[in-house]
Structures are given as structure tokens and as C-alpha cells.
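Chemist: Here is my input, please return the structure:
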Amino acid sequence: MDLVRVFPNVHLGPDAQVDDFVVLGRPPRGRGPGELPLEIGARCTLRSHTVIYAGAQIGADFQSGHGALVREQTVIGDDCSIGSGCVVEFQVTMGNRVRLHTGVFVPEHSVLEDGAWLGPRVVLTNAKFPLSSRAKATLRGVRIQKDAKVGANVTVLPGVVVGEGALVGAGAVVTRDVPAWAVVAGNPGKVVGDVRELRDVDTGRPAYPGGTP
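Modeler: Numbers count the residues shown, from 1 in each chain. A predicted model of the protein is given here:
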């Protein structure tokens, strides 16, 4: 850990594993070193070049990939994983058992509920009117509800709610709210099915828990 930079007021839980070139507790703009605490729970694994800002709160069993970034005022629950190259901006809320795969972008005001799963290169957005005079005033975070799954290379527009248990197919552009348990695909995304009716192609059984027998 000789190459790790740890600012003041960083609190790591027991059994932490920290790789080289990790930065913990970097102060956000306008704040001094140690002014805000960084709390990370027990048994975390922080891989090389991870940067976590002061003011974040992270639960137990957290894992980061290489080059992951977590900004200030973000709250992350237990047993969460953020893959290599992910960016989690400030004021993001993540529940327990959330998974972000490689290269995911999560902007401020996003909410990811328990069990949310975002595939590689998913982009959540929050700016309804980029570069307008009211851009900051009109930011609207995306909400990914409990156990929803978002496939690779999906883009979700500002303020959209992806309902509980829903499945968004790879490459979709989601422009409106997704109902609970819906399957959505395409650009713009449209409802094409129900998760509870999906079958495993090998076994014929329901592909997801709670499916119709």
C-alpha cells in the first residue's frame, strides 16, 4: 500500500484489500483535505487506480474494478460491485447488491435500488436541456428500481423510471418509463414482452425468479 494516497478522515472497515495507485478521500472542489469523511465498510476490495472522493458512504463487501471513480455525497449499500472504468458522479444513491459492469456512467441524482444490474457501457443521463441557461435547474435523475436489469450499451434518458424486475435489451434507447416486469427493446425502447413469461432455452423453465411455471 506504499503507492496508495489516503487523505485525512478516511475510515476503512476491517479486512480491506487495496491495490496500488488507489486514491481515497480526495476532497471535492471547495473543500479541504479531511473536511468531509469517507466511510467504507468491511471487506472491501479496491483495485488499482480506483478514486473515491471524500463525503461518500459505502457499505460492506464493496468491490471496485480498475480505474473506477466514485464522487462525493454518494451513498452505496452493502455487497455492491462497480466494474473497471465506471464513473459514479456525486449525489448518487445505490441500494444493496447493485452491479455495474465495465464502463457504466451514472450521473448525479440517479437512484439504483436493491439488486439493480447494469451491463457494460450503460449510460444513464440527467440533463434534459444540455448547455441551456437552466441546465442545472432541470436535471432529472434516472431511477432503476429493485432487481431491474439493463443490457449492454443501453442509454436511459433523464427522469426515466425503469420498473421493478424489468429487463431492457442491449442497445436500447429508453425514452419513457418502463413498467414493472416489462421487457423493452429497440430505439426508441418499446415494451415487447413480460419478464415473467421468459423461458430458459435449454431447460424450458422460467428464466427469472417469480416467472410463470
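
Chemist: Map the structural domains onto the sequence of the chain.
Modeler: 1-91, 120-213 (automatic domain parsing).

Chemist: Show me the one of those domains that comes nearest residue 108.
Modeler: domain 1-91 (4.5 Å; CB to CB). No exception for glycine: its C-beta is placed from N, CA and C like everyone else's.

Chemist: which residue is nearest the middle of the chain?
Modeler: Closest residue to the average C-alpha location of the chain: residue 100 at 5.2 Å, with CA atoms, centre = their mean.

Chemist: So residue 42 versus residue 80, what's the distance?
Modeler: 13 Å (CB to CB, to the nearest Å).

Chemist: Give me the common contacts of these two.
Modeler: residue 61 (CB atoms under 8 Å, 6 or more residues apart in numbering).

Chemist: thought residue 92 was touching residue 74?
Modeler: Yes - contact criterion CB atoms under 8 Å: residue 92 and residue 74 qualify, at 4.5 Å.

Chemist: returning to that earlier point: between residue 42 and residue 80, which one's more packed in?
Modeler: Between residue 42 and residue 80, residue 80 has the larger neighbour count (other CB atoms under 10 Å), namely 25 against 14.

Chemist: close enough to count as contact, that one and residue 94?
Modeler: Yes - using CB under 8 Å, residue 80 is in contact with residue 94, at 5.9 Å.

Chemist: low pLDDT regions in this protein?
Modeler: 1-2, 211, 213 (pLDDT under 70).

Chemist: quick one: secondary structure of residue 137?
Modeler: helix (DSSP: H, G, I helix; E, B strand; the rest coil).

Chemist: Near it, how many other residues are there?
Modeler: What residue 137 shows, counting by other CB under 10 Å, is a neighbour count of 9.

Chemist: cool, residue 188 as well?
Modeler: Quick note: residue 188 (other CB under 10 Å) scores 11 neighbours.

Chemist: rewinding a little: dump the domains of the chain to TSV, plus distance to residue 106.
Modeler: As requested, these are exported to TSV (distance: least, CB to CB, whole Å):
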stretch	distance to residue 106
domain 1-91	5
domain 120-213	5
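
Chemist: If anything else comes up later, I'll come back, but that's it for now.
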